[in-house]
Structures are given as structure tokens and as C-alpha cells.
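>>> I'll drop the sequence and a predicted model, then ask my questions.
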Amino acid sequence: MKRKIEKTEDQWKQELSPEQFHICIEKGTERPFTGKYHNSKEEGVYQCAACGNAVFDSNTKFESGTGWPSFYQPISGENVETEEDRTHGMRRTEVMCSSCGAHLGHVFNDGPRPTGLRYCINSAALKLDSKEK
Ligand SMILES: [Zn+2]
């Protein structure tokens, strides 16, 4: 599939912080309760940290207790992509930014209503664009 943004690893390395590069490009996972947003109640739109694509709205964020920012749905199904991930001996569904392909986190089936989904996202893969108060 053709992406809007295509960059080489070297280009990403220059643009992202080492932590962002590790999560978004190397598909890493930050340690729980260490990220910037897991406890955030601030309102706004969460963007992909790599390219600024709007991926989640604070309205759909919920307290999951996992130590990662959790959402029950993305802003639009077109803004994120999912793919089966069989690494680490688990069967999970990976969530990526559809615009640049950055790894954001994983989605699980144990979320709250109305979707029953839990998008478990790394803070380092997000950038909050706060709403004007
Ligand atoms: Zn992106």
C-alpha cells in the first residue's frame, strides 16, 4: 500500500528523538507508567508523533490502569492501520499510523463500550494538540 509519507530510516533517525525512533520505527514499547500521556486528562487531539496525522481524540481516552494511554476508538478508521503481529510469542494486532506507517501500539478486545476495543498506545508515539480553552 502506498503511504502519503515515505522516509528512510536515516531520515526518521534525524527527525525523531531516540525514544520515538525506537517505538515508531523499531516497533518498541515504552515501559508502562513512564510515558507522558498515560495519566493525561487534557483535552485535544492526539497526533502521530512522527508525522502529525490525527489518530486519537481525548474524548475516547479511558483509564485502563495499564500504564499506557488507552483509547476505545481511533479518530477515523482511515487514519490508523492494523496488522496481525506474531512477534514475542503472542498474537496481537499492531496499530500503525496510516499516513507514515509509524508503529503506535496494539489493539485488544477487552476495552469498554461502545466498541469493546482497547487501543493501547505508546505515549512516545503521540503528540497532543491541546484544545483551546
Ligand atoms: Zn504518522
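All right, it came through fine. The structure presented is a predicted model; accordingly, all values stated were derived computationally and were not measured.

>>> ok, which residues in the protein are in contact with the ion?
48, 50-51, 53, 97, 99-100, 102 (CB under 5 Å from the ion). C-betas here are computed from N, CA, C, even on glycine.

>>> From those, which land in strands?
If you go by DSSP state E, the residues of the chain next to the ion have 48, 97 in strands.

>>> Filter the residues of the chain next to the ion down to the ones in helices?
Under the assignment DSSP state H, the residues of the chain next to the ion contribute nothing to helices.

>>> Need the residues of the chain next to the ion in TSV (columns: neighbour count).
Output for the residues of the chain next to the ion, formatted as TSV (neighbours: other CB atoms under 10 Å):
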residue	neighbour count
C48	25
A50	25
C51	20
N53	19
C97	27
S99	20
C100	20
A102	26
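
>>> Redo the residues of the chain next to the ion as JSON lines? Include pLDDT and distance to K7.
Putting those into JSON lines (pLDDT from 0 to 100; distance: CB to CB, whole Å) gives the following:
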{"residue": "C48", "pLDDT": "98", "distance to K7": "13"}
{"residue": "A50", "pLDDT": "97", "distance to K7": "9"}
{"residue": "C51", "pLDDT": "97", "distance to K7": "9"}
{"residue": "N53", "pLDDT": "97", "distance to K7": "14"}
{"residue": "C97", "pLDDT": "98", "distance to K7": "12"}
{"residue": "S99", "pLDDT": "96", "distance to K7": "11"}
{"residue": "C100", "pLDDT": "96", "distance to K7": "7"}
{"residue": "A102", "pLDDT": "97", "distance to K7": "10"}
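
>>> List the buried residues of stretch 37-49.
37-38, 40, 44-49 (16 or more other CB atoms under 10 Å).

>>> no, scratch that, I was asking about stretch 90-106
Neighbour-count burial for stretch 90-106 flags 92, 94-106 (criterion: 16+ other CB under 10 Å).
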